[in-house]
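Peer 1: I would like to see how this sequence folds:
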Amino acid sequence: MIRGREMHAADGRTAPGLPAGDQGREGYPRRSTCGAAARPGGHGPDEVQAITAPISLIWPQLLVATLAILVTYAPLFPELIHEWATFPNLSHGFAVPFIAGYLIWTRRREIAGTAEGPSWRGLPLLFIGLAVYVAGMLGGEPFLARLSLPVALFGGVALVGGWAVVRHMGAGIAYLFFMIPLPYVTLADLTDRMRMFDATVTAGVLPWLGVPVFQDGYLLHLANMTLEVADVCSSIPAIASFLALAAAYGYVNRRPPAAQAILILSAVPFGILSNIVRIVATAAGVYYIGPIAIQNTVHLWNGLTVFLMTLVLLIALDAGLRRIWKETR
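Peer 2: Have a look, this model is predicted:
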């Protein structure tokens with residue numbers, strides 16, 4: 001938030017060069033499914049039984065294993081939830097577990113069809129996760145203990161369902177890393193650096209909009225008010241939410257790995273750009289309209305504003321990638 005002090009107080013068409021059967025979702029090519037050939041008339045009784053039989057076996061086992069691990073990690077959750085509720089830039093943590101569950105649910109058919117039974121190779125990973133958890137708790141390092149939760153879940157899923165199940169549930173489990181806040185010392189240092197960067201860029205842009213400004217560190221002295229780029233104005237605490245947004249967008253829309261990587265890598269600069277645009281707009285509004293500009297919804301709900309602007313940029317980038325892919329095929 002910028003604190004002010006008054007001076008005196010999917011279309012379905014085939015891409016060129018591709019046969020209709022090779023066209024994937026939203027213009028990307030569809031990845032082939034090895035070993036699965038469609039038969040006229042659908043699946044026979046034996047095939048249906050082979051596909052649906054694991055459903056009644058694998059899900060209860062996965063549920064029991066997951067609940068056992070979550071109960072083991074229960075001491076971590078009260079403080080983690082408190083941080084989500086206390087710091088607005090960390091509030092996306094509440095949504096992460098539900099999004100992770102949805103990512104897994106979208107692969108439920110693949111999970112049921114590839115269940116290969118318990119794999120003892122998952123035991124070392126589970127042991128490593130639990131060992132790091134114990135070390136973090138005993139050593140007073142909650143960040144380390146929290147990082148071990150997805151690791152333990154990977155090991156538990158592999159132990160119960162095998163590595164084939166891990167391949168389909170992996171994205172959902174890995175998504176849980178986005179709910180873990182960075183250590184305070186690291187976060188504070190990065191936040192201060194980004195505050196200075198945001199203030200410097202804003203001070204450089206405002207004159208182009210006809211707004212005279214003098215920068216003094218985090219302070220932006222306008223003709224009628226002095227604005228401060230405060231801690232909550234920094235985009236650093238929200239970086240995890242930007243990455244989580246891009247990862248979920250690419251995965252849910254089943255984009256190719258290369259497209260997903262580009263979207264994720266673009267999320268951070270898009271988030272920083274969106275935040276700077278918001279700060280510049282607020283400062284310009286204060287100069288041309290008055291102090292009421294810092295009482296509007298865009299400024300008061302700065303986290304949501306930046307989040308939505310980042311989403312729009314990701315959608316635009318995705319549309320551009322689809323067009324480029326079509327033209328190069």
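Peer 1: Just the buried positions in stretch 162-181, please.
Peer 2: Burial within stretch 162-181, assessed by neighbour count using 16 or more other Cβ atoms under 10 Å, is assigned to 162, 164-166, 168-173, 175-181. C-beta: built from backbone N, CA, C; applies to glycine.
Peer 1: For the stretch 1-150 of the chain, which segments are assigned as helices?
Peer 2: Assigned by DSSP state H, counting those that start in this stretch, the helices in the stretch 1-150 of the chain fall at 45-52, 55-72, 77-86, 96-105, 108-114, 122-138, 142-161.
Peer 1: Any chance of TSV for the ones you listed, columns mean pLDDT, mean neighbour count and distance to residue 195?
Peer 2: Formatted as TSV, those follow (pLDDT from 0 to 100; neighbours: other Cβ atoms under 10 Å; distance: least, Cβ to Cβ, whole Å):
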stretch	mean pLDDT	mean neighbour count	distance to residue 195
helix 45-52	39	11	54
helix 55-72	85	15	37
helix 77-86	90	13	20
helix 96-105	90	17	26
helix 108-114	82	17	44
helix 122-138	94	16	30
helix 142-161	93	22	22
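Peer 1: Quick check: the gap between the residue nearest to the spatial centre of the chain and residue 271.
Peer 2: What sits nearest the mean C-alpha location of the chain, by Cα atoms, centre = their mean, is residue 244, with 0.0 Å. From residue 244 over to residue 271 the distance is 11 Å, taken as Cβ to Cβ, to the nearest Å.
Peer 1: just residue 187 next, same as before
Peer 2: To residue 271, residue 187 is 15 Å away according to Cβ to Cβ.
Peer 1: Between those two, which has more neighbouring residues?
Peer 2: residue 271 (25 against 19; other Cβ atoms under 10 Å).
Peer 1: Would you verify that that one is located in a helix?
Peer 2: Yes. Checked against DSSP: H, G, I helix; E, B strand; the rest coil, residue 271 lies within a helix.
Peer 1: Could you find the closest non-adjacent residue to it?
Peer 2: residue 242 (3.8 Å; Cβ to Cβ, 6 or more residues apart in numbering).
Peer 1: That neighbour: helix or strand, and which one exactly?
Peer 2: Assigned by DSSP states H and E, residue 242 falls within helix 239-252.
Peer 1: just to revisit the earlier point, tell me how many other residues crowd the residue nearest to residue 271.
Peer 2: If we define neighbours as other Cβ under 10 Å, then residue 242 has 27 of them.
Peer 1: quick one: contacts for it?
Peer 2: Contacts for residue 242 were tallied using Cβ atoms under 8 Å, 6 or more residues apart in numbering; they are 235, 267-268, 270-271, 307, 310.
Peer 1: Distance of it relative to residue 308?
Peer 2: Applying Cβ to Cβ to residue 242 and residue 308 gives a distance of 12 Å.
Peer 1: before we move on, the earlier item: unless I'm mixing things up, the residue nearest to the centre of the chain is touching residue 91, no?
Peer 2: No. Counting by Cβ atoms under 8 Å, residue 91 is not a contact partner of residue 244; they are 12.0 Å apart.
Peer 1: How is this structure partitioned into domains?
Peer 2: Listed by automatic domain parsing, the domain ranges of the chain are 54-179, 184-328.
Peer 1: got the contact list for residue 166?
Peer 2: So residue 166 contacts 122, 154, 157-158, 173 (Cβ under 8 Å, 6+ apart).
Peer 1: change it to 7 Å
Peer 2: Residue 166 makes contacts with 154, 157-158, as judged by Cβ atoms under 7 Å, 6 or more residues apart in numbering.
Peer 1: Over to residue 275?
Peer 2: Contacts of residue 275 (Cβ under 7 Å, 6+ apart): 198, 235, 306.
Peer 1: Buried ones in whichever strand or helix holds it, by neighbour count?
Peer 2: Assigned by DSSP H and E, residue 275 belongs to helix 257-288. Using 16+ other Cβ under 10 Å as the test for burial, helix 257-288 gives 259-260, 262-264, 266-268, 270-276, 278-287.
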